[in-house]
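Asker: Got a predicted model here, sequence first, then my questions.
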Amino acid sequence: MLFEIVFLIGLSLYFIQLVIFTIGAGKKYSKIPEDKYPLATVIVAARNEENNILDCLQSLNNLVYPSDKLEIIIVNDHSTDSTDEIIESFIKNKPKFKCIIPNESIGSLKGKTNALANAIKISKGEIILTTDADCTVSPEWVVTHASYYNKDIGFVGGFTTQQDQNSFSGMQAIDFVYLLTVAAGSINLGKPLSCIGNNMSYRKSVYKEVGGYEGLPFSVTEDFNLLMAIHDLKKYKIIYPLDVGALVTSKACPDWKTLYWQKKRWGVGGMESDLIGYSVMVWGYIVHAAMLLLPFFFSMTGLYLSIFKICADYFFVKPVFNKLNLRMKFSHFISFEIYFIIYVLVLPFIVLPNRKVRWKGRTF
C-alpha cells in the first residue's frame, strides 16, 4: 500500500510537469521581416571529426541566407587526424567559410570552450549560431533562428534529433527530443533548465555583456553555463520555439561507452541546477524507481500506473516528432522507455562519486 501511494504521488507530480512543459514548448513567437535579418556568424568547433565534418560542411554550404549577412567559422581544435585537410579542401574558393586554429588561450578556458571563444572574438555577426561537427543543419536553420531576433531577444534555442537507424540510435533520438521539449517548455515559461550547444544562438553583444566564456566559471556544459549567465542578466528574453526550420540532426553515439561519457558529462553539468531543476529530477527518479521495483511489490494498481506513465511519455514526445516532421517508431519508443529507466536510476551513482569527464580525447 505504501509503495502504491508513493508511486501515485510521484507519478502525479511527474505528469503535471509534463503538462506544464508541453504548454511551454507550444508557445508561439513573432518574427521579424527578412530585410531586418541581422548579420550572422555560424561557428563549429571540430576536433578529430574526419568521419563527420564533411556532411556538416555540406549542410552549412546549403544554408539559405543573404550571402552578405553570413559568415561561417570552422575551428580546427588541434585535430590529430585528417579533419584539417578535409576542411581546407572543402572551403577552398568558398568565401563565406573561414577556418582557424585556436592557438590563443583565452583566460583559463580549455578545449571546446576556448575554441568557441577564439572564433567569437574574430566574428563579425550580430548573432552567433553554434552547432557541432557531427551535425547537419536544415537549409533554413540560420533564417529560422535569425527571424526570431526582435529587439528584446537575447537567446534562441532549437531542437536537435539524431539519425534514427536502429533501436540503439532511435532511443537516443527520442531521448534528445524528450529532454529538449523539457528544455523548451521550461525556458519558454521563464525558468531555464537546460539547452543544447549544437543548436542555439545568441546576440554577440549579450555574450560580451556577461563577460564571454572567459568571464564564466569553467563547466563541461558550456552551453548551459552561458544560457544561465544571460538569464541572470534579467534584461533579455530567452526563447525556445518549436520550429522545424531550426532543426539540427546529429549522429547518435555509436556504442555504450560513448553514450556513457555523454550522459556523465550532461549529468555533471546538471549538478549546477537549482532547486526547481533538482525537483524535476527527483520526481522522475521516484517514478522510474517505482517501475523498476514493481516486480517486487507487484499490484494491479502499480501496473496501471506504469502503463499510464509510458502513455504519458508517448503523448509528450509524439506531437513534437510530428511538428518536426520526424518519424518515431513505436519499437524505438519502447527501447527508449527501458533505457530511460536505467540511466535515470544509474546516473547519480556515476556522477556523485567523481566529476571526471572524458570528452573529445581530453579529460576534465
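Answerer: Looks like it came in fine.
Asker: Going by residue numbers, what spans are helices in the stretch 101-250 of the chain?
Answerer: Under the criterion DSSP state H, counting those that start in this stretch, helices of the stretch 101-250 of the chain are mapped to 111-122, 141-147, 167-188, 204-209, 222-233.
Asker: Select, out of those, the one closest to Ser194.
Answerer: helix 167-188 (4.5 Å; CB to CB). (C-beta placed from N, C-alpha, C; glycine too.)
Asker: Below-threshold pLDDT in the stretch 251-364 of the chain: ranges please.
Answerer: 270-272, 357, 359-364 (pLDDT under 70).
Asker: how about the residue positioned nearest the centre of the chain, what does it touch?
Answerer: Geometric centre of the chain, nearest residue: Ile196, 2.1 Å, by CA atoms, centre = their mean. For Ile196, the contact set (CB atoms under 8 Å, 6 or more residues apart in numbering) comprises 157, 160, 176, 180, 183, 223.
Asker: thinking again about what came up before, distance to Asp77, mean pLDDT and mean neighbour count for the helices of the stretch 101-250 of the chain - can I get that in JSON lines?
Answerer: Below are the helices of the stretch 101-250 of the chain laid out as JSON lines (distance: least, CB to CB, whole Å; pLDDT from 0 to 100; neighbours: other CB atoms under 10 Å):
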{"stretch": "helix 111-122", "distance to Asp77": "4", "mean pLDDT": "93", "mean neighbour count": "22"}
{"stretch": "helix 141-147", "distance to Asp77": "22", "mean pLDDT": "98", "mean neighbour count": "25"}
{"stretch": "helix 167-188", "distance to Asp77": "23", "mean pLDDT": "95", "mean neighbour count": "22"}
{"stretch": "helix 204-209", "distance to Asp77": "19", "mean pLDDT": "97", "mean neighbour count": "17"}
{"stretch": "helix 222-233", "distance to Asp77": "13", "mean pLDDT": "91", "mean neighbour count": "20"}
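Asker: who wins for proximity to Lys28 among these?
Answerer: helix 167-188 (9.7 Å).
Asker: which helices and strands does that closest one pack with?
Answerer: Other elements packing on helix 167-188 under the criterion 3 or more CB pairs under 8 Å, 6 or more residues apart in numbering; DSSP states H and E are helix 2-25, strand 153-157, strand 160-162, strand 237-239, helix 300-323, helix 330-351.
Asker: could I get these as JSON lines with mean neighbour count?
Answerer: Converted to JSON lines, the helices and strands packed on helix 167-188 look like this (neighbours: other CB atoms under 10 Å):
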{"stretch": "helix 2-25", "mean neighbour count": "17"}
{"stretch": "strand 153-157", "mean neighbour count": "24"}
{"stretch": "strand 160-162", "mean neighbour count": "23"}
{"stretch": "strand 237-239", "mean neighbour count": "19"}
{"stretch": "helix 300-323", "mean neighbour count": "16"}
{"stretch": "helix 330-351", "mean neighbour count": "16"}
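Asker: Kindly present these as TSV, with separate columns for distance to Gly170.
Answerer: Converted to TSV, the helices and strands packed on helix 167-188 look like this (distance: least, CB to CB, whole Å):
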stretch	distance to Gly170
helix 2-25	21
strand 153-157	23
strand 160-162	8
strand 237-239	29
helix 300-323	11
helix 330-351	3
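Asker: Val280 is nearest to which of these?
Answerer: Here helix 2-25 is closest among the helices and strands packed on helix 167-188 (CB to CB), at 6.1 Å.
Asker: Return the backbone torsion pair for Cys195.
Answerer: Torsion angles at Cys195 (phi, psi; degrees, to the nearest 10) stand at phi -160, psi -180.
Asker: What count of nearby residues applies to it?
Answerer: Counted by other CB atoms under 10 Å, the residues lying close to Cys195 total 25.
Asker: Tell me who's in contact with it.
Answerer: Contact analysis of Cys195 by CB under 8 Å, 6+ apart lists 157, 183, 187, 223-224, 227, 240.
Asker: Out of the helices of the stretch 101-250 of the chain, the one nearest Ser59 is which?
Answerer: Comparing the helices of the stretch 101-250 of the chain by CB to CB, helix 141-147 comes nearest, at 8.2 Å.
Asker: what domains does the record give for the protein?
Answerer: 1-31+148-354, 32-133 (automatic domain parsing).
Asker: In TSV: the ones you listed, plus distance to Val142.
Answerer: Listed next are those as TSV, based on distance: least, CB to CB, whole Å:
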stretch	distance to Val142
domain 1-31+148-354	8
domain 32-133	5
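Asker: still on that earlier bit, looking at the contacts of Ile196, which is nearest Lys191?
Answerer: Once CB to CB is applied, the member of these that ends up nearest Lys191 is Ala183, at 10.7 Å.
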